[in-house]
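**Student:** Next comes the sequence, and after it the predicted model I'd like to discuss.
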Amino acid sequence: MKESIDLEKEKKLLIEKFGLFMEGQEKLSPIGARIFATLFINKENGATFDDLVHFLGASKSTISTNLQNLTKSNMIVYFTKPGDRKKYYTLSPVGFISRIEEKIADYKTEYFLVGQILEHKKLANKLSNENEQQYGSSQETPYLDYLSNTVRLLEQLRDQIKAKCPMTN
């Protein structure tokens, strides 16, 4: 009995921590972020509207509004079970794909801009007096490698999710 109470406390603490992270990361409302975090933990089984109201201790209207917002933004979806009229909310693979695509675009843009900066530095050093180089030797190559590898890994992850989740195609 005590162990299940401890697990429930730990679950609430983890939801709070992940919720705070998602508030900043995805610009979600506090309750929206907690709903997302709760569904992340319960993603295999989903959670009903009543489950979320009870677990998060928020009003029905607050939960309802945030579920609508998360559904519209493709972060969550719902499903039903045969013989059960309730909606079961879970995380949307489309939402994950969207987040990954945004990160890929960000890293590609940064890679392009860092590449332009390196070219500028090379040209400036080439045109300047050799004793008075404007810029020191380039240390950005490992950073470009990091950006390139990150893009490649995110693209692989995206492709794996798409292969496993037919609803993302």
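**Tutor:** Great, that's in hand.
**Student:** pretty sure T38 contacts L56?
**Tutor:** Yes. The pair T38 / L56 is scored as a contact, 6.7 Å apart, by Cβ atoms under 8 Å. To be clear about C-beta, it is placed using only N, CA and C from the backbone, and glycine gets the same treatment.
**Student:** quick one: low-confidence parts of the protein?
**Tutor:** 1-2, 129-140, 166-169 (pLDDT under 70).
**Student:** mind listing the strands for it?
**Tutor:** With DSSP state E as the criterion, the chain has strands at 47-48, 76-81, 84-91.
**Student:** Now tell me what touches the first one from outside.
**Tutor:** Going back to what we said before, that points to strand 47-48. T38, L39, F55, K86, K87, Y88, Y89, T90 (Cβ atoms under 8 Å, 6 or more residues apart in numbering).
**Student:** Provide a list of residues in contact with the most centrally placed residue in the chain.
**Tutor:** Nearest to the geometric centre of the chain sits R99, at 5.1 Å (Cα atoms, centre = their mean). Residues counted as contacts of R99 (Cβ under 8 Å, 6+ apart) are E26.
**Student:** quick revisit: turn the strands of the chain into JSON lines, including distance to G32 and mean neighbour count.
**Tutor:** Shown next, in JSON lines, are those (distance: least, Cβ to Cβ, whole Å; neighbours: other Cβ atoms under 10 Å):
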{"stretch": "strand 47-48", "distance to G32": "14", "mean neighbour count": "18"}
{"stretch": "strand 76-81", "distance to G32": "10", "mean neighbour count": "15"}
{"stretch": "strand 84-91", "distance to G32": "12", "mean neighbour count": "15"}
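**Student:** Perfect, I'm done here.
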